[in-house]
Structure formats: structure tokens, C-alpha cells
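**Q** turn this into a structure:
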Amino acid sequence: MIRKSIITCSCCFILYSLFLVFFKEDKVSGQYQYQRNIIKAEQYLYASRPYRCVMAGTSLSDRMLGDSLPGMYSLSLPGLHPMDGLCIVGAGKYFPDTVFIETNFFFGPEDKSFTGHFNSKFKNTLKRELPALQEANQPVGVARYFISYLFHKEKKAGSESVIKNEVDIPQNVLSKLIRGKQEAYQIIDTAAVDSGLAVLSAAVNGLLSHGCKVCFFEMPISRELEDLPMPVYVRQSIEKRFDKMANIGFIKLPASGDYKTMDGIHLNDYGAREYTSYFKRELKRPGLFK
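**A** Presented below is the predicted three-dimensional model:
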């Protein structure tokens with residue numbers, strides 16, 4: 001009986017692995033945000049080829065349009081911080097040519113419960129060789145992915161066009177959110193920023209020692225917030241620490257442009273498209289790196 005169970009399970013595992021190889025596209029199929037973050041990290045770590053460019057950030061830079069930045073792998077993880085993405089880069093088999101680091105909330109601490117998923121070399125090797133064990137290939141998530149695909153395919157075939165509409169937050173609610181952040185950003189948390197800067201410096205030096213270039217960028221937020229004490233202190237701290245270092249670049253905030261947000265700090269769809277276009281132009285700017 002035990003022998004039959006083992007043989008049956010082995011056959012099912014092999015068949016499911018073959019199904020994944022031939023039928024499932026390499027898409028994120030997580031059921032909730034934390035799982036989607038794990039999937040993004042696993043897809044980076046277990047990729048068969050190295051990525052030339054990687055972005056480490058928060059939910060702010062996750063709003064950017066990844067399809068418009070070919071060759072860029074996004075480790076912008078909603079609910080987490082840039083250090084979590086940098087830890088994933090450090091755990092990888094390869095190092096990228098360039099790492100782009102969002103600076104808005106760089107001082108957030110590493111979430112060890114998240115990065116701890118990738119500390120075991122044995123576990124990483126096993127998941128790399130057996131994709132069926134990866135989070136993206138959990139049966140429930142895969143079934144959900146195919147059901148969603150079929151539903152949208154039928155919907156698209158049955159209508160002339162499918163348009164994604166963004167639901168705007170009422171202006172009075174948005175104003176209240178911005179006022180709350182205005183009050184919070186009046187206070188400079190020097191301890192958090194200075195402590196985070198020391199951790200970030202160690203991570204950047206590690207990347208440089210492996211031949212990487214590092215580029216810092218700041219995501220636009222509402223105009224009412226950009227020049228308040230806390231954002232200014234964060235901006236100046238990054239520039240002061242890294243400005244004179246070799247192989248370091250900066251993509252600064254656009255000199256003009258009022259980028260619209262959903263809540264004061266997260267760009268809405270239009271703002272995300274506009275800033276992604278600006279970011280793409282900056283990548284081609286001569287002298288981006290020293």
C-alpha cells in the first residue's frame with residue numbers, strides 16, 4: 001500500500017512538472033500580496049540566466065510600468081523595503097550589471113521573516129531544479145491563473161474592447177490623506193535614517209565589490225510633500241553619502257511635472273506612465289554614472 005502511494009505521488013509530481021514546463025507561462029500567480037512578493041523573489045533567484053538590471057524598492061516604484069523597461073527585473077516589493085530586495089540580490093547565483101535603488105523609504109529595516117525564506121542553499125537548489133516546488137507553481141495558484149486567463153480571453157472575444165478604468169479617490173479623502181502626511185513629514189527621524197544609511201552603505205559596498213553599478217532614484221510624491229523636512233533630509237543624506245563614489249548614479253526628481261497620486265505618495269495610473277517615461281529617458285542620459 002505504501003509502495004503504491006509513493007509510486008502514485010511520484011507519477012503525479014512528474015506529470016504536474018511536465019505540465020508546468022509545456023503549458024504555464026512565467027507569470028506571477030500569487031493569491032495575496034505577501035505570496036506575490038515571494039514569487040517575485042523566487043523567479044529572480046531561480047532564473048536560468050542573470051538579469052542585467054534589477055530594481056529594489058517599495059510599493060511606490062512597484063507602480064512603474066515594468067513592460068516599458070525591458071531588461072529590468074523589479075524587486076520592488078509592496079509592504080517591504082529596498083533592503084529586502086537587496087538581500088535577494090545578494091542571495092542570488094549571479095550579480096546584475098546595475099542595481100537601481102529607490103530612496104524614498106530606504107531606511108526601512110529588512111524583514112527577516114521574508115528574507116529567511118531564501119537562506120537555505122539546499123532549499124534554493126531544490127526549488128531551482130524542481131520548479132513544481134516553487135511558490136508560483138502551487139496548484140491552487142496555477143488553477144486560478146488559468147481560470148482568470150480563460151475568463152479574460154472570453155470577455156475580450158465577446159466585446160470590442162476591455163478598458164481598465166482607475167477609480168479615483170474622492171478629493172476630500174485625498175486632501176485628508178495628504179494633510180496627515182504633511183504633519184508626519186514635518187518630523188525628521190534622524191535615528192532611523194542614519195541607522196538605515198549605515199546598513200545601506202554596507203549593501204552598496206558589497207554590490208560595488210562584485211562589479212555592479214548602483215543608481216539611486218526617488219519616486220515622485222505629491223508636490224505638497226516633496227520639500228517637507230523629512231523627504232529633504234532623506235534626499236540630502238543619500239546624496240551626501242554616495243555622491244562622490246565611483247560607479248554610482250542618481251536619477252533625481254524631474255525639474256518640472258506635477259505627478260498625480262492616489263494617496264499622496266503612490267502614483268496613479270497616469271502618473272505612473274508619465275514617470276516611467278521619464279525614468280526610461282534618464283537611463284539613456286550620458287554621464288549617468290561617475
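
**Q** residue 272 against residue 63, yeah?
**A** Yes: Residue 272 is within contact range of residue 63, at 4.5 Å (criterion: Cβ atoms under 8 Å). Yep, even glycine has a C-beta here, placed from its N, CA and C like the rest.

**Q** for residue 205, what are its contacts?
**A** Shown in contact with residue 205 (Cβ atoms under 8 Å, 6 or more residues apart in numbering): no residues.

**Q** how close does it get to residue 243?
**A** Distance, residue 205 to residue 243, using Cβ to Cβ, to the nearest Å: 15 Å.

**Q** what of residue 208?
**A** 15 Å.

**Q** which one of those two has more residues nearby?
**A** Using other Cβ atoms under 10 Å as the criterion, residue 208 and residue 243 rank with residue 208 on top: 16 against 11.

**Q** how about that one, nearest residue that isn't a chain neighbour?
**A** Sequence neighbours aside, residue 247 is the residue nearest to residue 208 in space, at 5.9 Å (criterion: Cβ to Cβ, 6 or more residues apart in numbering).

**Q** pretty sure the one you found sits against residue 215.
**A** No: if you go by Cβ under 8 Å, residue 247 and residue 215 don't touch, sitting 9.5 Å apart.

**Q** what residues are shared contacts of these two?
**A** With Cβ under 8 Å, 6+ apart as the test, residue 247 and residue 215 both reach residue 289.

**Q** more crowded one of those two?
**A** residue 215 (19 against 15).

**Q** can you pull the phi/psi pair for the residue sitting nearest the centre point of the chain?
**A** Nearest to the geometric centre of the chain sits residue 76, at 1.4 Å (Cα atoms, centre = their mean). Main-chain dihedrals, residue 76, degrees, to the nearest 10: phi -80, psi 110.

**Q** got it, and the one 5 residues further on?
**A** The phi and psi values for residue 81, taken as degrees, to the nearest 10, are phi -130, psi 170.

**Q** name the nearest residue to it, sequence neighbours excluded.
**A** In space, residue 81 is closest to residue 108, 3.1 Å off (Cβ to Cβ, 6+ apart).

**Q** what's the local residue count around the one you found?
**A** What residue 108 shows, counting by other Cβ under 10 Å, is a neighbour count of 15.

**Q** touching, it and residue 193? I think so.
**A** No: counting by Cβ under 8 Å, residue 193 is not a contact partner of residue 108; they are 10.6 Å apart.

**Q** pLDDT score assigned to the residue nearest to the centre of the chain?
**A** What the model reports as pLDDT for residue 76 is 96.

**Q** residues in contact with it?
**A** Here residue 76 is in contact with 55-62, 64, 85, 102 (Cβ under 8 Å, 6+ apart).

**Q** just residue 196 next, same as before
**A** 83, 106-109.

**Q** could I get the residues you listed as TSV with pLDDT and secondary structure?
**A** Converted to TSV, the contacts of residue 196 look like this (pLDDT from 0 to 100; DSSP: H, G, I helix; E, B strand; the rest coil):
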residue	pLDDT	secondary structure
83	97	helix
106	95	coil
107	95	coil
108	91	coil
109	91	coil
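
**Q** just the buried subset of those residues, please.
**A** Burial by neighbour count, judged by 16 or more other Cβ atoms under 10 Å, picks out 83, 106-107 from the contacts of residue 196.

**Q** can you list phi and psi of residue 96 for me?
**A** The phi/psi pair for residue 96 (degrees, to the nearest 10) is phi -70, psi 170.

**Q** now the residue lying closest to it once chain neighbours are set aside. Its backbone dihedrals?
**A** Nearest in space to residue 96, with sequence neighbours left out and distances taken as Cβ to Cβ, 6+ apart, is residue 54 at 4.6 Å. When read as degrees, to the nearest 10, the backbone of residue 54 gives phi -130, psi 140.
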